[in-house]
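*Asks:* Need a 3D model of the following:
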Amino acid sequence: MYDPIQDGIEKEARSLSYIQEEPPSELAEVVHSYWELKTEVPLADDFLLHAIPDACVNILFNQKDTEIAGVTALRTTYEVLNLGKDFHYAGIQFFPGAWQGDLKETSDSFVGTPYQGSLPLVAASEALAKVGFECKQSILSDLVLTLMERKLVAVNTVTQAILSNLADIKTVADMAAVTHMSTRQLQRSLKKATGFAPHDFLKVIRLQQSFKQHYLEAYTDQSHFIHSFRNITGYTPAEYYRKYVV
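*Replies:* Numbers count the residues shown, from 1 in each chain. Predicted structure coming up:
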């Protein structure tokens, strides 16, 4: 199953804690992970998180200011997020396509303003801020179940078929075949579910897979791999691996 890597944290970063855990089995088809990123002590300089696309949607909670929360999703290129010198975030990472809410309302950049929407994100954030990460997971699971009841989170059969057959997918035509759709049908369905055209979705998924396997299993040659990697992450593979935890 699809397993995107964490966003870029520099190898030299100190006094930071990043934790990621799988959800309970009953939510494993819609949630990739629950996560927490925080400073142990205030940093001397602002921390820059190098976020790279994975086609997932995250719900993010600022645990320093529980009014700040939001739904986030990157598109096809990286985003550098300045988190400041002292921060504490927690969140839910959904598999591509599982989020059924309005994708136009998702942020593709830093979430730094109070949440004004109708979801119970502030109440959840307040509850999360009172407990450690192990206890946060049950609160996050309860929120996911609430969102599923509201039909805002659900198993997406199209993206699930793609993510379950990544080893057999090299082209958009392969994606259409595993979903039993025409390429035109896939275009409409995938765009509605994820905001991605099939070609862009494949580029992001292929990039993520390159961290888990030899690049020639996903790319035609080294030049193609390096070009695509640089376009999406801002670095060559060698530069990225030298700088960030992978």
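*Asks:* what's the closest non-adjacent residue to the residue nearest to the spatial centre of the chain?
*Replies:* Central residue of the chain (C-alpha atoms, centre = their mean): C56, 3.8 Å from the mean position. Leaving aside its chain neighbours, C56 sits nearest to Q93 (5.2 Å; criterion: C-beta to C-beta, 6 or more residues apart in numbering). Backbone N, C-alpha and C define where each C-beta goes, glycine included.
*Asks:* My reading is that the one you found lies in a strand. Confirm?
*Replies:* Yes. Assessed by DSSP: H, G, I helix; E, B strand; the rest coil, Q93 belongs to a strand.
*Asks:* what's the distance between it and H214?
*Replies:* Distance, Q93 to H214, by C-beta to C-beta, to the nearest Å: 25 Å.
*Asks:* Same check on S141?
*Replies:* Taken as C-beta to C-beta, the span from S141 to H214 is 36 Å.
*Asks:* Neighbour count: those two, which is higher?
*Replies:* Each of S141 and H214 has its neighbours counted (other C-beta atoms under 10 Å); S141 has more, 17 against 9.
*Asks:* For H50, grab phi and psi.
*Replies:* phi -90, psi 90 (degrees, to the nearest 10).
*Asks:* repeat for H88
*Replies:* Torsion angles, degrees, to the nearest 10, at H88: phi -150, psi 110.
*Asks:* Show me what the lengthiest helix in the chain is in contact with.
*Replies:* Counting by DSSP state H, the longest helix found in the chain is helix 133-149. Identification of contacts with helix 133-149 by C-beta atoms under 8 Å, 6 or more residues apart in numbering yields 19, 21, 23-24, 27, 30-31, 34, 36, 59, 90, 92, 119-120, 124, 127-128, 131, 153-154.
*Asks:* ditto for stretch 98-117
*Replies:* Contacts of stretch 98-117 with the rest of the structure, by C-beta under 8 Å, 6+ apart, involve 29-31, 57, 60, 62, 67-75, 79, 81-83, 121-122, 151-156, 159, 194-195.
*Asks:* Report the mean confidence score over it.
*Replies:* For stretch 98-117, mean pLDDT is 88.
*Asks:* ok, residues contacting the helix or strand containing I19?
*Replies:* In the assignment (DSSP states H and E), I19 maps to strand 16-21. Here strand 16-21 makes contact (C-beta under 8 Å, 6+ apart) with 6, 9, 33-40, 47, 133, 137.
*Asks:* one step back: could you measure the residue nearest to the centre of the chain against T236, distance?
*Replies:* 24 Å.
*Asks:* any idea which residue of the protein is furthest from its center?
*Replies:* Max distance from the centre of the chain (C-alpha atoms, centre = their mean): A44, 27.8 Å.
*Asks:* That residue contacts D86, correct?
*Replies:* No. Using C-beta atoms under 8 Å as the test, A44 is too far from D86 to be in contact (11.0 Å).
*Asks:* show me the contacts for the residue lying closest to the residue farthest from the centre of the chain once chain neighbours are set aside.
*Replies:* Counting by C-beta to C-beta, 6+ apart, A44 lies nearest to K85, which is 7.3 Å off, once chain neighbours are set aside. By C-beta under 8 Å, 6+ apart, the contact list for K85 reads 39, 42-47.
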